[in-house]
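Trainee: Based on what follows, work out the 3D shape:
(2 chains)
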Amino acid sequence: MGKVKIKKSDVWIDMTPMSDVMTLLLTFFMLTSTFVKNEPVKVNTPGSVSETKVPENGVLTILVSPQKGPNGKPTGEGQVFLSYDNSTELAQIVDNMTTLTPAQKKTFVSESMFGAPLDKLAAYLSKPASERSKELPKMGIPLDSIQGQDMTEFQQWVNAARQVNPKVRLAIKSDADSPYGTVKKVMSELQDMDESHYYMITQLDAKKAADAAKK
Amino acid sequence: MDMMETGKGGGKQKKMTVRVDFTPMVDMLMLLITFFMLCTSLSKPSTMELTMPSNDKNTHEAQKNEAKESHSITIYLTDGNKIFYGNGKPEYDNPNWLKPADWSNTPKGIRYVLQHKQVGDPSTGEAISLPFQDMDIAVKELNRKRQADPKAYPDSIYQSELAAIKSGTINGKKVSTMTVIIKPTDHASYRNLVDILDEMQISYIGTYVIDKLTDQDKALLAKKGVKA
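Mentor: Below is the predicted model of the structure:
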């Protein structure tokens, strides 16, 4: 029996065009997208026709949690979380508020959002990262006034931010379905301390804008 | 150099095809793209600027500007996406002063109401006008001018001219504007608040305020069967 010689064919696919396309896609994603911030609660911002962009720097974002109940409906007991986009200034802000060990301060600055009450802050920051991320959604900066102090803790934070950066801008981020009462609490605390100008974070709703243009 | 010269000198030149295998590179790029697609978001959030009145009780009376009653419209946002509105001075003992509206783009919608609101009071000799119509013409004119000559209207000038129109100054003349008082109840959703602020922008209303519900408002809404 003659041996059938199988011809080994070497299939060579040229990957260069594919690599070209990939590089293009990668460049596109790198240039157009922004990193998702790790937020303790997921909020779905309302759609709007406004096209104004959020200012680039010096923004103190106030995240108002929708805190959904067991049936998925927001209960209105919204907790408040804060974030500030400049880490050097954030370190100064926290120095104005409380004293932390250098290690705790490092953790504080590296976290994307903060929301632990002041009395629990140091203990919270000493915990390992996995526990912190589990615990943060249950916390929140207290909005009720403390006896013997004329400012609530939330107002103290805003005030500290204002002292470090006099041009700080406030942005409120809240869920579209959360009741106005929740947001009102935050707004009226700000009004009480004469902070009456702020931004409300929304997302561009193309359908609504087209509808408005039609008249 | 030496080798090339010998090559030219008549020796058999071996054509070397340099083939670089791009497969590992493609693998790596795939990974990077997947990473970027999962960890970043494409939509940049937009924002709405809002100035609320200060809660400070010591505001001088002189700083408050009274809106003419015939020019004002009060909007109540209630739960279940319902809206009620009332023209002019609130009539707290008259439940029929409150009229229902909705969010649709129909004659029943709040947009229609705002855009067809007449201001002026013939009894005081003030002519009746439709603020939205005046402003719509002015804004379209501004947009047309901007399109014809985009360089003359950079964003800053455009915005300031738009603000001037909204405050009622069209070509140096004063036209009547209307004032909207927005009173959201605690049960209205945050979405409704953003929606009504959008309506202000769509209908070129420059003077509006978000106010708190008073007990009288609550009583009035209760008469309409609305939990406030």
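
Trainee: list the contacts for the residue most central in space within chain B?
Mentor: The centroid of chain B falls nearest to residue B:198 when counting by CA atoms, centre = their mean (3.6 Å). Listed by CB atoms under 8 Å, 6 or more residues apart in numbering or on different chains, the contact partners of residue B:198 are A:48-50, A:208, A:212. Every residue, glycine included, has its C-beta placed from N, CA and C.

Trainee: A strand includes it, no?
Mentor: No. Using DSSP: H, G, I helix; E, B strand; the rest coil, the secondary structure at residue B:198 is helix, not a strand.

Trainee: How many residues are close by the nearest residue to residue B:177 once chain neighbours are set aside?
Mentor: Leaving aside its sequence neighbours, residue B:177 sits nearest to residue B:168 (CB to CB, 6 or more residues apart in numbering or on different chains; 4.0 Å). Counted with other CB atoms under 10 Å in any protein chain shown, the neighbours of residue B:168 add up to 18.

Trainee: Over to residue B:168: give its phi and psi.
Mentor: Backbone geometry at residue B:168, expressed as degrees, to the nearest 10, gives phi 100, psi 20.

Trainee: is it true that it touches residue B:174?
Mentor: Yes. Under the criterion of CB atoms under 8 Å, residue B:168 makes contact with residue B:174 at 5.8 Å.

Trainee: can you map out the strands along chain A?
Mentor: Using DSSP state E, the strands assigned to chain A run over residues A:34-35, A:47-48, A:59-64, A:80-84, A:169-174, A:197-204.

Trainee: just those: most buried one?
Mentor: Greatest average neighbour count among the strands of chain A goes to strand A:59-64 (a mean of 24), per mean count of other CB atoms under 10 Å in any protein chain shown.

Trainee: Can you tell me which helices and strands that one packs against?
Mentor: strand A:80-84, strand A:169-174, helix A:180-192 (3 or more CB pairs under 8 Å, 6 or more residues apart in numbering or on different chains; DSSP states H and E).

Trainee: Export these to JSON lines and append columns for mean pLDDT and distance to chain B.
Mentor: Formatted as JSON lines, those follow (pLDDT from 0 to 100; distance: least, CB to the nearest CB, whole Å):
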{"stretch": "strand A:80-84", "mean pLDDT": "87", "distance to chain B": "13"}
{"stretch": "strand A:169-174", "mean pLDDT": "88", "distance to chain B": "5"}
{"stretch": "helix A:180-192", "mean pLDDT": "84", "distance to chain B": "3"}
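
Trainee: shaky segments in chain A?
Mentor: Under the criterion pLDDT under 70, the flagged ranges of chain A are A:1-3, A:67-77, A:146-148, A:214-215.

Trainee: Look through it and tell me its longest helix.
Mentor: helix A:16-32 (DSSP state H).

Trainee: mind listing what's buried in it?
Mentor: By neighbour count on 16 or more other CB atoms under 10 Å in any protein chain shown, the buried set for helix A:16-32 is A:18-19, A:22, A:25-26, A:29.

Trainee: is chain B contacted by that helix?
Mentor: Yes. Applying CB under 8 Å from any CB of the partner chain, one finds helix A:16-32 touching chain B at A:16, A:18-19, A:22-23, A:25-26, A:29-30, A:32.

Trainee: swap in stretch A:137-144?
Mentor: No. Stretch A:137-144 does not reach chain B (CB under 8 Å from any CB); its nearest approach is 14.8 Å.

Trainee: in stretch B:164-180, what's buried?
Mentor: Quick answer for stretch B:164-180 (16+ other CB under 10 Å): B:164-166, B:168, B:170, B:175-180.

Trainee: for stretch B:87-98, same thing?
Mentor: For stretch B:87-98, burial by neighbour count (16+ other CB under 10 Å) applies to B:87, B:90, B:97-98.

Trainee: Which ones among those residues lie within strands?
Mentor: Per DSSP E, the subset of these in strands is residue B:87.

Trainee: Can you tell me how far residue B:39 is from residue A:29?
Mentor: 10 Å (CB to CB, to the nearest Å).

Trainee: Ok, residue B:110 next?
Mentor: Counting by CB to CB - residue B:110 and residue A:29 are separated by 40 Å.

Trainee: Phi first, then psi, for residue B:48.
Mentor: Torsion angles, degrees, to the nearest 10, at residue B:48: phi -130, psi 130.

Trainee: Now do the contacts for it.
Mentor: A:48, A:50, A:52, A:199-200, A:202, B:194, B:197.

Trainee: Burial check on residue B:117, number of neighbours?
Mentor: Neighbours of residue B:117 using other CB under 10 Å come to 19.

Trainee: For it, pull up the helix or strand it's in.
Mentor: Under the criterion DSSP states H and E, no helix or strand holds residue B:117.

Trainee: Now it: phi and psi?
Mentor: phi -80, psi 130.

Trainee: how close does the nearest residue to residue A:170 once chain neighbours are set aside sit to residue A:49?
Mentor: Nearest residue to residue A:170, sequence neighbours excluded (CB to CB, 6+ apart): residue A:198, at 4.1 Å. Applying CB to CB, one obtains 19 Å for the distance of residue A:198 from residue A:49.

Trainee: can you check residue B:211 too?
Mentor: 23 Å.

Trainee: re the thing from before, out of the strands of chain A, nearest to residue B:130?
Mentor: When those are compared by CB to CB, strand A:47-48 sits nearest residue B:130, at 25.5 Å.

Trainee: Which elements pack onto that closest one?
Mentor: Using 3+ CB pairs under 8 Å, 6+ apart: strand A:47-48 touches strand A:197-204, helix A:206-214, helix B:190-202.

Trainee: got a markdown table for these, with distance to residue A:143 too?
Mentor: Output for the helices and strands packed on strand A:47-48, formatted as a markdown table (distance: least, CB to CB, whole Å):
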| stretch | distance to residue A:143 |
| --- | --- |
| strand A:197-204 | 16 |
| helix A:206-214 | 31 |
| helix B:190-202 | 16 |
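
Trainee: which of those sits most buried?
Mentor: helix B:190-202 comes out most buried of these by mean count of other CB under 10 Å, with a mean of 22.

Trainee: Pick the one among the contacts of residue B:48 closest to residue A:110.
Mentor: So of these, ranked by how close each gets to residue A:110 (CB to CB), first place is residue A:199, at 25.1 Å.

Trainee: Now do the same contact list for the closest one.
Mentor: Per CB under 8 Å, 6+ apart, neighbours of residue A:199: A:54-55, A:59, A:169-172, B:47-50.

Trainee: quick check, nearest of those to residue B:138?
Mentor: Looking across the contacts of residue A:199 and measuring by CB to CB, the closest to residue B:138 is residue B:49, at 21.7 Å.
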